[in-house]
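K.L.:
Could you work out the structure for the sequence below:
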Amino acid sequence: MRTRSSGSPGFLVVLLFLFLVIKSSPSILESEESIKSAESVEQNIGQLMMNKVLTRIMHEAKNRAAIKADKTYTVKKYNTHGSVKSEKSETKTVQGRPKLEGVSLDIYQILGSKYDFYIDPQESVATVNGTECAVVKFRPKAGLRKGGVADEFINRLEGTVYINIEEYYMVKIEGKVPQPFQFTYNLLYVIPIGVDVYRLDFSAEYQLFNGIVVERYFRGFVDYEVKNRGAEEHIHALTNYR
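P.N.:
Numbering: from 1, shown residues only. All right, here's what the predicted structure looks like:
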């Protein structure tokens with residue numbers, strides 16, 4: 001993947017993208033008041049671009065629900081030396097948004113509510129899989145509340161979104177928890193269990209199918225310790241859309 005700094009013509013392409021976003025998106029203009037309160041121009045631009053991307057996905061949800069694909073789900077478990085100790089895969093037909101062990105891949109509501117988006121002037125444009133993309137960074141909003149175990153992870157993630165400049169869709173997203181962390185949850189509401197998380201990262205790629213944004217690939221990795229240390233990698237690959 002190739003990146004370029006703001007000194008290149010690529011940054012001008014991002015600004016042109018922003019102009020087109022504002023011109024073509026009344027729903028985004030309605031949030032003008034919240035955009036005005038942003039801390040910087042870079043955050044204004046990043047927020048506007050992600051609003052456009054997320055608005056498109058929400059509008060396509062009904063049509064997306066009818067689309068089928070073949071999903072290959074692979075789980076790799078690693079030993080403490082980093083070698084694969086077991087691997088298992090299965091392939092099945094899925095319809096609508098694919099799920100991760102019962103959790104919907106439709107993370108767009110979380111993206112819109114939990115994170116601030118901004119442009120890094122030193123990394124504003126990149127080429128991903130041969131596609132010219134605007135680069136938008138994200139980080140957790142200040143003062144997020146924790147409503148459960150999932151928020152222990154969600155509220156710490158930061159990362160990067162790559163947006164197709166011509167088609168207004170998310171080509172790739174990648175994120176990670178920047179530092180190891182610990183937390184405690186109550187098993188059956190009464191038994192405290194300590195959890196150490198040493199590494200957590202994920203990436204997902206998207207493509208267009210009949211003009212609709214669909215998932216292409218999802219990968220998640222976690223290195224953790226509850227009673228024993230363990231590391232797992234979960235990969236979902238989707239093909240044969242129809």
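K.L.:
Tell me which residue is most central in the protein.
P.N.:
residue 173 (4.3 Å; CA atoms, centre = their mean).
K.L.:
all helices of the chain, in order?
P.N.:
For the chain, the helices defined by DSSP state H cover 10-24, 26-29, 32-36, 41-59, 61-64, 108-114, 149-154.
K.L.:
which helices and strands does the fifth one pack with?
P.N.:
Okay, so that is helix 61-64. Under the contact criterion of 3 or more CB pairs under 8 Å, 6 or more residues apart in numbering; DSSP states H and E, helix 61-64 touches strand 212-225. Any C-beta I mention is one placed from the backbone N, CA and C, and that applies to glycine too.
K.L.:
pretty sure residue 68 is touching residue 98, no?
P.N.:
No. In this structure, residue 68 is not within contact of residue 98 by CB atoms under 8 Å, at 10.5 Å.
K.L.:
Now for the residue nearest to the centre of the chain: which residues touch it?
P.N.:
Applying CB atoms under 8 Å, 6 or more residues apart in numbering, one finds that residue 173 lies in contact with 159, 160, 161, 162, 203, 204.
K.L.:
ok, what's across the strand from it?
P.N.:
residue 161, residue 204 (DSSP bridges).
K.L.:
mind checking pLDDT for it?
P.N.:
What the model reports as pLDDT for residue 173 is 96.
K.L.:
what about it, distance to residue 213?
P.N.:
As for residue 173, its distance to residue 213 is 12 Å (criterion: CB to CB, to the nearest Å).
K.L.:
Mutual contacts of those two, please.
P.N.:
Counting by CB under 8 Å, 6+ apart, nothing touches both residue 173 and residue 213.
K.L.:
Grab the nearest non-local neighbour of residue 88.
P.N.:
residue 75 (5.2 Å; CB to CB, 6 or more residues apart in numbering).
K.L.:
Correct me if wrong: that neighbour contacts residue 231.
P.N.:
No. Counting by CB under 8 Å, residue 75 does not reach residue 231; the two are 11.5 Å apart.
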